[in-house]
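Asker: Here's a sequence, model it:
(2 chains)
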Amino acid sequence: MKQDIILAGVGGQGILSIAYVIDNAALADGLFFKQAEVHGMAQRGGAVQSHMRLSDGAIWSDLIPKGQADMILSVEPLEALRYLDYLRPDGIVVTSSTPYRNIPDYPEIDRVLEAVRRAPRTVVVDSEKLAKEAGTVKAQNIVLLGAAASFLILKEESLLATIDALFRPRGPVVLEANLKAFALGRKAALGS
Amino acid sequence: MSRQILLGDEAVALGAVHAGLSAAYSYPGTPASEILEHLVRLAAETKAFTAVWSVNEKVAYEEALGASYAGKRALVSFKHVGLNVAADPFMNSAITGANGGLLVVSADDPGMHSSQNEQDSRYYVQFAKIPGFEPSDHQEAYDMAREAFDVSERFGLPVLMRLVTRLSHSRSPVVTREPRPQNGLKKGAAKDWILLPGNAKRRFGQLLDRQSEMVRYGESSRFNVLQLADGDRKLGVIASGVAYNYFREAVAGDPAPPSFLKISTYPLPTDLVRKLVGHVDTVLVLEDGYPFIEREIQGLFGIPGKTVLGKLTGTLPASGELTPDIVRPALGRPALPALPPSGLPLAGRPPQLCVGCPHADTFKALTKALEGEAGSNVFSDIGCYTLGALPPYNAIHSCVCMGASIGMARGASDVGLHPAVSVIGDSTFAHSGITPLLGAARADTDMTVIILDNATTAMTGGQPTYGSGERLLRLIEGLGVPKEHLRTIEPLPKNHDQNVRIIKEEIAHRGLSVVVAVRECVQEQRKKRS
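Answerer: Residues are numbered from 1 along each chain as shown, chains lettered A, B, ... in the order given. As a prediction, the model looks like this:
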């Protein structure tokens, strides 16, 4: 049993929080994992990605070879496209439809989403709308994690327990919003 | 024994703590910052040892060396170019030797994710003639850090561990073991530590005498793994560090993988290399960084009857970071099938200054003030403000190394360039800007130094700085900068016109002036609010 995931987004969108939840859920599930991430200069509003490898056996490379990712999980649609060559021919793209426009030449969003949907399997969720519905627009990353949850080899209760541990110190309102964001993302993915 | 999720950097840090660490020093720099960050956290929790952000890497090295002299186990860590700053005490500490175990951690950045070069710290290991370690994964990073201290005390020498970005910034579970107690105090022997020529000659001779013992240590180290295949003897692989992982990834599931030697210690375990080379016709060398091992075994003339492949032969690219996708074809394996690119032209998304960043306002004012000054040059430095090179600012003309902006502006001014402007952050100024400004103040050089005081080391995640606010102003005055040409501005959009005027006045002054732009980093403000 193994799963390779490319996490993608823009610096500041909470990619590392998604990675944190998956890492800790994997530890609770007794899996091996390696998760390569980006720190430093690229974090400042630039494109960021993390290679997440889960397995019940030994994992060698910290980086996923091209053509071997089972999933691209992106908090931003243009960023989802950047790593398509990492995806297996039967892999799945789980992405937000909400563009993050901090560059002057951002393509038309309809063309971006059309290109995303050309991937063999796609789940596209409106993370901005769902996060607002959950109570905070900041929870878009957790909406996406929820959208991916049914396709992950991790136990849902392990994911939820880690979300709980991550957000409980920030107060009941933040915790509640993130748990709801997860549930809304999960539901939206199953309906898409 | 427990299982913890750790960054590669954190695994080294925890290994050091469990080896009985008493003191750790560093200056922030990607990808090494997380080593001391973790130690600062653990030190605050346990109060069992000291962990300090030093003023710069040279100072950090000397502080660690002092702790070692006193008999305690000490660690000093930095990014690869930080070792250049610390090179003087580093090279000489190979002659004095270490008393308590001294672990030097240098994190290289192949591919230059956040650096100005991709120099390979293994050359420093060879240069200083000390033992070196290169882990492949997190568990090794932890285990080697522990063993490195024993090796340091066994040889009485500092030991260098080389990391690379890919391991420093990857997370994985690590199994930890019982901690070892710290050393007691035990002074170093003065005759070894006073490097007068007579002592230094004797010590250097002793260092040379220990070289073969270091090789033998490597030959018996469990971290070096030799596996000779019975079947196909055409190809053998020598791999080190993360390149070893890419090799194993490419041949995973192969019924008959090639013979290989994993190298994790330096100087090279000669006997193991001989055995591998003797067993096969062609040797492929896989290493992240420079072709260090390849050059060592190839020499000038190669090995008669054998073919050595690697970066020198063009089998692998000579620059950039290795990846599984580069290593796979070098082993003759076809690429895996993958999705084609979307066809949509993908706009790049380079890093940029944060919304509301004070540097943005300073750059806007500076660029405006320099309008019409065709011959002007803005020498910049290392920090977030280096992003002032990118649109929409296009405000700077150089970024070389920590503190270079002030010395370079003086040199340019000395040969007639006007306006010569230097832009440097408060942390970089404390690191390496004070000494060149001291010289420029004595000469009253015609230049304008702009110090961006955002009260933090921002690019690497907000570590403390030494000279900020009033303390910084008093320091600058103390260096001999005339008070009437030491100005402060608050970089805010509403102050733009006034800031332009002040910078213009100081550029017009044909002597030294310093303009300090004071406003806190927005990321740090946000952290305090939350």
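Asker: Near the residue nearest to B:V518 when sequence neighbours are not counted, how many other residues are there?
Answerer: Spatial nearest neighbour of B:V518, excluding adjacent residues (Cβ to Cβ, 6 or more residues apart in numbering or on different chains): B:D453 at 4.8 Å. All C-beta spots, glycine's among them, are computed from the backbone N, C-alpha and C. For B:D453, the number of neighbouring residues by other Cβ atoms under 10 Å in any protein chain shown comes to 24.
Asker: One more: B:P350?
Answerer: Residues within reach of B:P350, counting by other Cβ under 10 Å, total 14.
Asker: any idea of the pLDDT on it?
Answerer: The score at B:P350 is 86. That number is its pLDDT.
Asker: For it, list the residues it contacts.
Answerer: Residues in contact with B:P350 (Cβ atoms under 8 Å, 6 or more residues apart in numbering or on different chains) are A:46, B:390.
Asker: Please tell me the pLDDT value assigned to A:H39.
Answerer: At A:H39, the model reports a pLDDT of 74.
Asker: Check the one 3 residues further on too.
Answerer: pLDDT for A:A42: 57.
Asker: which stretch of helix or strand covers the residue most central in space within chain A?
Answerer: Geometric centre of chain A, nearest residue: A:L73, 3.8 Å, by Cα atoms, centre = their mean. For A:L73, the host element (DSSP states H and E) is strand A:69-74.
Asker: elements contacting that strand?
Answerer: Judged by 3 or more Cβ pairs under 8 Å, 6 or more residues apart in numbering or on different chains; DSSP states H and E, the packing partners of strand A:69-74 are strand A:2-10, strand A:87-96, helix A:140-149.
Asker: CA-only coordinates of it in CSV, if you can.
Answerer: The C-alpha coordinates for strand A:69-74 follow below in CSV (Å, rounded to 0.1, in the frame of the first residue of the first chain):
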residue,chain,number,x,y,z
ALA,A,69,2.2,10.7,-8.2
ASP,A,70,-1.2,9.3,-7.4
MET,A,71,-2.6,12.7,-6.7
ILE,A,72,-2.1,16.4,-7.1
LEU,A,73,-3.7,18.2,-4.2
SER,A,74,-3.7,21.9,-5.0
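Asker: average model confidence for that strand?
Answerer: Computed over strand A:69-74, the average pLDDT equals 98.
Asker: Which SSE is immediately downstream of it?
Answerer: Next along from strand A:69-74, by DSSP H and E: helix A:77-81.
Asker: Show me what that next one is packed up against.
Answerer: Helices and strands touching helix A:77-81, by 3+ Cβ pairs under 8 Å, 6+ apart, are strand A:2-10, strand A:87-96, helix A:109-117.
Asker: Give me the residues contacting it.
Answerer: With contacts defined as Cβ under 8 Å, 6+ apart, helix A:77-81 is touched by A:8-10, A:47, A:49, A:72, A:74, A:93, A:95-100, A:106-107, A:109, A:112-113, A:115-116, A:124, B:341-342, B:344, B:346-347, B:349.
Asker: out of these, which are buried?
Answerer: Buried members of the contacts of helix A:77-81, scored by 16 or more other Cβ atoms under 10 Å in any protein chain shown, are A:8-10, A:47, A:49, A:72, A:74, A:93, A:95-100, A:107, A:112-113, A:115-116, A:124, B:342, B:344, B:346, B:349.
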